[in-house]
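Trainee: How does the following fold in three dimensions:
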Amino acid sequence: MAGRLQLALAAMRKHAVVLGLTFLGLAGFAMFAGWAVFAGSHIGGGWGTLGPVWPYVVGGAVVVAALAGVLMWLAFYSANHGYDEPYDPDKPER
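Mentor: I've put the predicted structure just below:
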């Protein structure tokens, strides 16, 4: 019983470390993003000069999302249709 309790506590500590590091990373990124927005508003013409760039940013995000979706679909398709099974030369053909 004590062994299970120690394993459970070790697993909880591991999860706490992972969650803590994830939170710190996201907080650091949020602070950087906030600083970038603040600093970017004072450079050149501010955010008004970025208007012509947004269609390219959105288009790039859509293309990347579509490519990721297609590649994930291909991975799941091959896994679900048996293409990822190891080759066995001794197995009789169907």
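
Trainee: Show me the chain divided up by domain.
Mentor: The chain breaks down by automatic domain parsing into domains covering 1-43, 51-94.

Trainee: Take these and write them to CSV, including mean pLDDT and mean neighbour count.
Mentor: C-beta: built from backbone N, CA, C; applies to glycine. Below are those laid out as CSV (pLDDT from 0 to 100; neighbours: other Cβ atoms under 10 Å):
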stretch, mean pLDDT, mean neighbour count
domain 1-43, 82, 10
domain 51-94, 87, 9
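
Trainee: Can you check which helix is longest in this structure?
Mentor: In the chain, with assignment by DSSP state H, the single longest helix is helix 2-40.

Trainee: now that one, how far from the centre of its chain.
Mentor: Offset of helix 2-40 from its chain centre (Cα atoms, centre = their mean, to the nearest Å): 15 Å.

Trainee: In terms of secondary structure, what does the helix or strand just after it contact?
Mentor: Downstream of helix 2-40, the next assigned helix or strand under DSSP states H and E is helix 54-80. In terms of contacts (3 or more Cβ pairs under 8 Å, 6 or more residues apart in numbering; DSSP states H and E), helix 54-80 is not packed against any helix or strand.
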